[in-house]
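**Q** Turn this into a structure:
(chains A, B, C, D, E and F)
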There are 6 protein chains.
Amino acid sequence: MPTVPLIEIEDAPPEVRAVYDDIMATRGVDWINNFWKALANHPQLLAETWSRLKQVMGPGALDPLTKEMIYVAVSIANGCDYCIASHTAAARAKGMGEAAHGELIAVVGLAAQLNRVVQAYRVPVDDVFQGPPTS
Amino acid sequence: MPTVPLIEIEDAPPEVRAVYDDIMATRGVDWINNFWKALANHPQLLAETWSRLKQVMGPGALDPLTKEMIYVAVSIANGCDYCIASHTAAARAKGMGEAAHGELIAVVGLAAQLNRVVQAYRVPVDDVFQGPPTS
Amino acid sequence: MPTVPLIEIEDAPPEVRAVYDDIMATRGVDWINNFWKALANHPQLLAETWSRLKQVMGPGALDPLTKEMIYVAVSIANGCDYCIASHTAAARAKGMGEAAHGELIAVVGLAAQLNRVVQAYRVPVDDVFQGPPTS
Amino acid sequence: MPTVPLIEIEDAPPEVRAVYDDIMATRGVDWINNFWKALANHPQLLAETWSRLKQVMGPGALDPLTKEMIYVAVSIANGCDYCIASHTAAARAKGMGEAAHGELIAVVGLAAQLNRVVQAYRVPVDDVFQGPPTS
Amino acid sequence: MPTVPLIEIEDAPPEVRAVYDDIMATRGVDWINNFWKALANHPQLLAETWSRLKQVMGPGALDPLTKEMIYVAVSIANGCDYCIASHTAAARAKGMGEAAHGELIAVVGLAAQLNRVVQAYRVPVDDVFQGPPTS
Amino acid sequence: MPTVPLIEIEDAPPEVRAVYDDIMATRGVDWINNFWKALANHPQLLAETWSRLKQVMGPGALDPLTKEMIYVAVSIANGCDYCIASHTAAARAKGMGEAAHGELIAVVGLAAQLNRVVQAYRVPVDDVFQGPPTS
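**A** Got it, this is the predicted structure:
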């Protein structure tokens, strides 16, 4: 059980309901997932988080599916079970197939392994990798 | 300084030199970065790691640039400084521009934040997110 | 289910019972939570942990509520579900209200995000932040 | 060296300079620390991050010093060296004394230890810790 | 529920069944645990992972029980609940007694605490600890 | 540079000097490494930490070398650079050879990888792995 009550749509105060309505309209669904119902206990955090999420995860130099897969990768690296469940579903809804899912997991696993191997050896950064690209 | 000596190309025993040669040939360069020079202290781990990296990071359902950006994202989430330096350089070499780099960091940061917010609230997984997609 | 049996009060050997009694007396309750029942499988670790926890979490330069909120923050950052549940309850028992809980989560989330953004950019430490304060 | 150029005050484009000016005015200083100079490569992320930081870390149900110590605690738990250096300095500037610093570190260390001990034993959450407080 | 279907023995395609048969033969059991049934959705990852696990965890300079306890320690440090449950059982099957289990957890907890204390103080590495041993 | 002054042997107040003397006598050396010089800013934390470290890392059901390797493994998993440097040196001083070091790193890397793969698939714990051993 969560550490705060989940605010259902019908119980939402106006400023929360406004965010819920925008979430449902943006996603074209008629339900709200539990993350937002928990965050709704702190309306300012709810509103700020939803508007940032829309902006950060929307189309840009990277497409929404690539961003969603990066989000899943970080959630796996941080071991957030809810986040893995919800964003893996979101990535599939945006077109991630089973082969892509398997490759995503293979890359995350390889990086998790080699991140630690590098740290175990205390590998010094090569000069060629130092600093930003020179133009 | 590293916890093991860095094995330079000219000092590499045959089984290590063979891996170094394949790394340089595959990348079209004439140098080896420090990670491999450290790993070379354990030739079996070196050979196995390089062959897996080639296979996992190569073209598949996901393209090499997408895989490289996922690798960078996991390295950031795990706080591996060497890995961030080397794979950010690799992603740029594969075509990641500055706008894409900024969006990658924004997505990693948002996921890092919300992973913890979700755990703080102990949000229960919605039924709709449970289990694999039914076909 | 836990990886060790939970030692109930009525089954506790004398050296474990003595710690249980001190926990209940200190807290003014007549029950023991599962963490201690698991730790009781290793009585020395149980006794040492309880005495340290009493000393570290007690009043000092920081008050017990501030310490409890710091404990919750670390538990969120480490993704320890049991710890989040038990120490959020403890912080509330010590006076953390809903607004404070929301702000705690907002700070933890912001730090989790910016910790990773800083590492992604490999930001060098400013000279002004180097070393202890000079008096 | 950082993965992006550090944008100095004199080289800042107008939208970056406006944020720099607000940072300096808010803090009553005439310099900008490296974190912001790196973030300035992505002006939208810079502006959004600064405005959120001002709001989240400002006075509320929790005072700014308590929030700063929570930020330091999370930065330690995440092993972000730059963040530890800069926010420990900020906490001292807001009044954290050496005794409080020692207690903060002791609480973070105890939590880091017990978070893992709890997970090692797979301790089930007690019913009394389940869910939000009932009013 | 998992994010992929669990492939049961009777439903396994030939290349998966071959790995399952080797797992059961190597372990002298007639069942497969859920990790492999999930990994079986990506047969190449399954085969590669099993063959690496056999090689890495087998006898060498370190005995299999020591390797299994190191695996448990890392799983605790990473907070992987399934891994803690399965590898604690594996370590017991290889001879880890209750006293050893308690000491393993005590060492992991101490390291988790002191790792963070060291980072909190930003302790510089002593010259004597720099670099590999000189022979 | 550290966040606190390093307390040198000649500057140590009596209660700190007593711990320094015990560290040097126990180890048979005439110097103190930086970790203790930082911790000495908080004498109670110094004394408590040293006495616990002696007890936890000493001989028991597990030998000191095995405990030291477990400590190194956790330090790698947590990415604590100082801890990796100092405890790798300590493990070598206790007899860890290069082959053992390589195998230790291989096990840590494999666990780091599979911990995340397991979490990515949200693998349910098998009944056979549930709970403590029944006697």
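**Q** Contact residues of chain A facing chain F?
**A** Along chain A, the residues adjacent to chain F under the rule Cβ under 8 Å from any Cβ of the partner chain are A:72, A:76-77, A:79, A:81, A:84-85, A:88, A:104-105, A:108-110, A:112-117, A:119-122. All C-beta spots, glycine's among them, are computed from the backbone N, C-alpha and C.
**Q** And for residue A:31, the neighbour number?
**A** Neighbour count for residue A:31, taken as other Cβ atoms under 10 Å in any protein chain shown: 11.
**Q** got a pLDDT number for the nearest residue to it once chain neighbours are set aside?
**A** Excluding its sequence neighbours, the residue lying closest to residue A:31 (Cβ to Cβ, 6 or more residues apart in numbering or on different chains) is residue A:24, at 7.3 Å. Looking at residue A:24, its pLDDT is 98.
**Q** hang on, the earlier thing: just the buried ones from the residues of chain A next to chain F, in PyMOL syntax?
**A** Applying 16 or more other Cβ atoms under 10 Å in any protein chain shown to the residues of chain A next to chain F, the buried members can be selected in PyMOL as follows:
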select buried, chain A and resi 72+76+77+79+81+84+85+88+104+105+108+109+110+112+113+114+115+116+117+119+120+121+122
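**Q** Residue A:110 and residue B:55 touch, don't they?
**A** No - distance between residue A:110 and residue B:55: 9.5 Å, which falls outside the contact criterion (Cβ atoms under 8 Å).
**Q** Please identify the helix or strand for the residue nearest to residue A:31.
**A** Per DSSP states H and E, residue A:24 falls inside helix A:14-27.
**Q** now do residue A:69
**A** helix A:64-77.
**Q** For that helix, C-alpha coordinates in PDB please.
**A** The C-alpha trace of helix A:64-77 is given here as PDB (Å, rounded to 0.1, in the frame of the first residue of the first chain):
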ATOM      1  CA  PRO A  64       9.300   9.900 -28.200                       C
ATOM      2  CA  LEU A  65      10.100   6.200 -28.500                       C
ATOM      3  CA  THR A  66      13.800   6.700 -28.100                       C
ATOM      4  CA  LYS A  67      13.200   8.900 -25.100                       C
ATOM      5  CA  GLU A  68      10.800   6.200 -23.700                       C
ATOM      6  CA  MET A  69      13.400   3.500 -24.100                       C
ATOM      7  CA  ILE A  70      16.000   5.700 -22.400                       C
ATOM      8  CA  TYR A  71      13.600   6.200 -19.500                       C
ATOM      9  CA  VAL A  72      13.100   2.400 -19.200                       C
ATOM     10  CA  ALA A  73      16.800   1.900 -19.200                       C
ATOM     11  CA  VAL A  74      17.300   4.400 -16.300                       C
ATOM     12  CA  SER A  75      14.400   2.900 -14.400                       C
ATOM     13  CA  ILE A  76      16.100  -0.600 -14.700                       C
ATOM     14  CA  ALA A  77      19.400   0.900 -13.600                       C
END
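**Q** Not counting its own residues, what contacts it?
**A** With Cβ atoms under 8 Å, 6 or more residues apart in numbering or on different chains as the test, helix A:64-77 has contacts from A:56-58, A:62, A:83-84, A:87-88, A:90-91, A:94-96, A:100, A:104-105, A:107-108, A:111-112, B:62, B:66, B:69-70, B:73-74, B:76-78, B:103-104, B:107-108, B:110-112, B:115, F:116, F:119-120.
**Q** repeat that with 7 Å
**A** A:57-58, A:83-84, A:87-88, A:90-91, A:94-96, A:104, A:108, A:112, B:66, B:69-70, B:73-74, B:77-78, B:104, B:107-108, B:111-112, B:115, F:116, F:119-120 (Cβ atoms under 7 Å, 6 or more residues apart in numbering or on different chains).
**Q** what mean pLDDT would you report for it?
**A** Confidence over helix A:64-77 (mean pLDDT, whole number) is 98.
**Q** next SSE after that helix?
**A** Remark: after helix A:64-77, the chain's next helix or strand is helix A:81-93, criterion DSSP H and E.
**Q** Quick one: work out the angle between whatever helix or strand comes next after that next one and helix F:81-93.
**A** The helix or strand immediately downstream of helix A:81-93 is helix A:98-121, counting by DSSP H and E. Counting by axes from the mean of the first three to the mean of the last three Cα atoms, to 10 degrees, helix A:98-121 points 70 degrees away from the direction of helix F:81-93.
**Q** Helix A:98-121 packs against which elements?
**A** Applying 3 or more Cβ pairs under 7 Å, 6 or more residues apart in numbering or on different chains; DSSP states H and E, we find helix A:98-121 packed against helix A:64-77, helix B:43-57, helix B:64-77, helix B:81-93, helix F:64-77, helix F:98-121.
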